[in-house]
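In: any chance you could fold what I've pasted below:
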Amino acid sequence: MCLIAFAFDLASRGGPLLRLASNRDEYYSRPTEPAHWWTDARDVFGGRDALAGGTWLAVSRRGRVAAVTNHRSGIPAKAPRSRGSLVADFVRGEEPAEAYARRIARQGAEYGGFNLLLFELGYAPDAWYVNDVGEARQLHPGIYGISNDRLDSPWPKVERLRQRLAETLGRAEDYEAQLFDALLDRDVPPEHLLPDSGVGIARERYLSTAFIAPNGDDGGLGGYGTRASTLVEVRSDGEARFIERSWNTPGAPAAGFSERDERFRIER
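Out: Residues are numbered from 1 along each chain as shown. Sure thing, here's the model as predicted:
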């Protein structure tokens, strides 16, 4: 998962408990299962990394939601544990979000660079941000964005998606098209606005768009791009919705997609 914008606990302002829009970027060669109800945790819905068994984004009927992005800082070193397990272990588990966040913050070195979002959406909503350098921070109600730097780093694609999400919060219905359109954004920001994350200017340019599509100037990444776009919403009455679009042809939205649109209730 490499781009996320979310609004948390804005029910008092007429918004949802959670509205989240995200793109998952990954190598096309990595085996992946699309969103489904898990057989080993039947109250959990989300995609699955078929290689390491974790996930980038998942929701449970108990109101537990988690998502992860990698933190980009040069060429990553191999870590002993998969980042996807951070999400899978939380949504399957019972440990309160705060305790889980603080424990993972102490164990961050066991994973590759990561940013982890944790939500408990019961009667007392709670949200935490955790990263691999030991930060565990409770999140107040608001609108946030994250990509491959720390939470709310002002990368152009983060700022654009967060703004588009904010524009939908006055609508309880018919927001999906606007958010999916925002997730398909392929505009390259001006070069002076690109981040410097240690991968070189060609890769920075290639990775700067919300929707990453393979092209002839990918900085040598080859076979890497946006593989799924996802919307998640949990309302204050406990109604939840998870929409995932998986792209049938790498980097080619016009070729069509497969979609899973799942509605269910959070059990409080």
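In: for the rest of this, base every contact and every neighbour count on C-alpha atoms.
Out: Noted.
In: is it true that residue 79 touches residue 110?
Out: Yes: at 6.3 Å, residue 79 and residue 110 qualify as touching, with contact defined as Cα atoms under 8 Å.
In: neighbour count for the two, which is higher?
Out: Set side by side, residue 79 and residue 110 show more neighbours around residue 110, with 15 against 12, by other Cα atoms under 10 Å.
In: list the contacts of the more buried one.
Out: 79-81 (Cα atoms under 8 Å, 6 or more residues apart in numbering).
In: what of residue 70?
Out: So residue 70 contacts 1-2, 83, 112-115, 147-148 (Cα under 8 Å, 6+ apart).
In: for the nearest residue to it once chain neighbours are set aside, give me its contacts.
Out: Leaving aside its chain neighbours, residue 70 sits nearest to residue 114 (4.3 Å; criterion: Cα to Cα, 6 or more residues apart in numbering). By Cα under 8 Å, 6+ apart, the contact set of residue 114 is 68-71, 83, 131-132.
In: switch those over to JSON lines; also include secondary structure.
Out: Formatted as JSON lines, the contacts of residue 114 follow (DSSP: H, G, I helix; E, B strand; the rest coil):
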{"residue": "68", "secondary structure": "strand"}
{"residue": "69", "secondary structure": "strand"}
{"residue": "70", "secondary structure": "strand"}
{"residue": "71", "secondary structure": "coil"}
{"residue": "83", "secondary structure": "coil"}
{"residue": "131", "secondary structure": "strand"}
{"residue": "132", "secondary structure": "coil"}
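In: looking at the protein, which helix or strand is least sure?
Out: None of the helices or strands of the chain scores lower by mean pLDDT, DSSP states H and E than helix 201-206, at a mean of 91.
In: measure the residue nearest to residue 70 to residue 81 for me?
Out: 12 Å (Cα to Cα, to the nearest Å).
In: still on that earlier bit, now the residue nearest to residue 70: how far from residue 69?
Out: For residue 114, the distance to residue 69 equals 6 Å [Cα to Cα].
In: where do the helices sit along this structure?
Out: Assigned by DSSP state H, the chain shows helices spanning 84-92, 97-106, 156-168, 176-183, 201-206.
In: please identify the deepest-packed of those helices.
Out: helix 84-92 (a mean of 22; mean count of other Cα atoms under 10 Å).
In: avg pLDDT for that one?
Out: Averaging pLDDT along helix 84-92 yields 97.
In: okay, now residue 80: neighbour count?
Out: 10.
In: could you report the pLDDT at the residue lying closest to it once chain neighbours are set aside?
Out: Of all residues not flanking residue 80 in the chain, residue 110 sits nearest, at 5.9 Å (Cα to Cα, 6+ apart). Model confidence at residue 110, expressed as pLDDT, equals 90.
In: give me the distance between residue 110 and residue 133.
Out: From residue 110 to residue 133 the distance is 11 Å (Cα to Cα).
In: ditto for residue 40
Out: Distance from residue 40 to residue 133, by Cα to Cα: 31 Å.
In: and residue 171, by the same measure?
Out: Per Cα to Cα, residue 171 is found 37 Å from residue 133.
In: so between these two, which is more surrounded?
Out: Between residue 171 and residue 133, counted using other Cα under 10 Å, the more crowded position is residue 133 (14 against 11).
In: how far does the least confident helix or strand of the chain sit from its chain's centre?
Out: Centroid separation between helix 201-206 and its chain, computed with Cα atoms, centre = their mean, to the nearest Å, is 21 Å.
In: next one: stretch 4-20
Out: Using Cα atoms, centre = their mean, the offset of stretch 4-20 from its chain centre is 15 Å.
In: before we move on, the earlier item: out of the contacts of residue 110, which is nearest to residue 48?
Out: For these, the closest approach to residue 48 (Cα to Cα) belongs to residue 81, at 15.9 Å.
In: count the neighbours of the closest one for me.
Out: A count of nearby residues for residue 81, using other Cα under 10 Å, gives 14.
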